[in-house]
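Participant: structure for the following, please:
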Amino acid sequence: MVMIDANLVFAEAQAVTSTGDTASTNSYDSGGTTLGDSGQTGEHIWVQALCSTVAASGGGATLQPVLQDSANNSSLADVVAGPVIGVASLTTGAQLWAVQPPPGMRRYWRIVWRVAVAALTSGNFDAFITESLQRNVAQASGYTVS
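Facilitator: The predicted structure follows:
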């Protein structure tokens, strides 16, 4: 079971619709100014992105989660880009990306949702930092056990 500290949540059911980059609702402050290897704590930490509600587009949109960092929380740069995912795969509960932060991450972290080709007309997304991988898969309700 994954337990998520509220301070480690980048986005919770964040609506992303326009093309280009949409910054996550929250950023993470790792607390240090010279962390060097902040992603290498001895713990296996993960940055994860999930689709919390099905996405739609009028024209073949793609979404790419991107981890960014900054020394000052204003000049952010891409660190690791996730896969480019077509709108047909942006279904409720879909795990979009899980990555371990690389060595040398600077103090502030955030996720950017990069939408290309066309705008999304709906879709909400989650992103967070955890010590365990999220493996829950949304299933339809109403099944019977015999």
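Participant: which residues sit against the least confident helix or strand in the chain by mean pLDDT?
Facilitator: Here the helix or strand of the chain ranked lowest by mean pLDDT, DSSP states H and E is strand 28-29, holding a mean of 91. Judged by Cβ atoms under 8 Å, 6 or more residues apart in numbering, the contacts made with strand 28-29 from elsewhere in the structure are Asn7, Leu8, Phe10, Asn73, Arg107, Tyr108, Trp109, Arg110, Ile129. To be clear about C-beta, it is placed using only N, CA and C from the backbone, and glycine gets the same treatment.
Participant: hmm, Trp113 is touching Gln68, no?
Facilitator: No - between Trp113 and Gln68 there is no contact under Cβ atoms under 8 Å: 11.2 Å.
Participant: which one of these two has more residues nearby?
Facilitator: Remark: of Trp113 and Gln68, Trp113 carries more neighbours, 27 against 22, as counted by other Cβ atoms under 10 Å.
Participant: regarding the more buried one, what is its secondary structure?
Facilitator: For Trp113, the secondary structure call by DSSP: H, G, I helix; E, B strand; the rest coil comes out as strand.
Participant: give me the distance between it and Gly142.
Facilitator: Trp113 sits 32 Å away from Gly142, going by Cβ to Cβ, to the nearest Å.
Participant: Ser122 now?
Facilitator: Ser122 sits 24 Å away from Gly142, taking Cβ to Cβ as the criterion.
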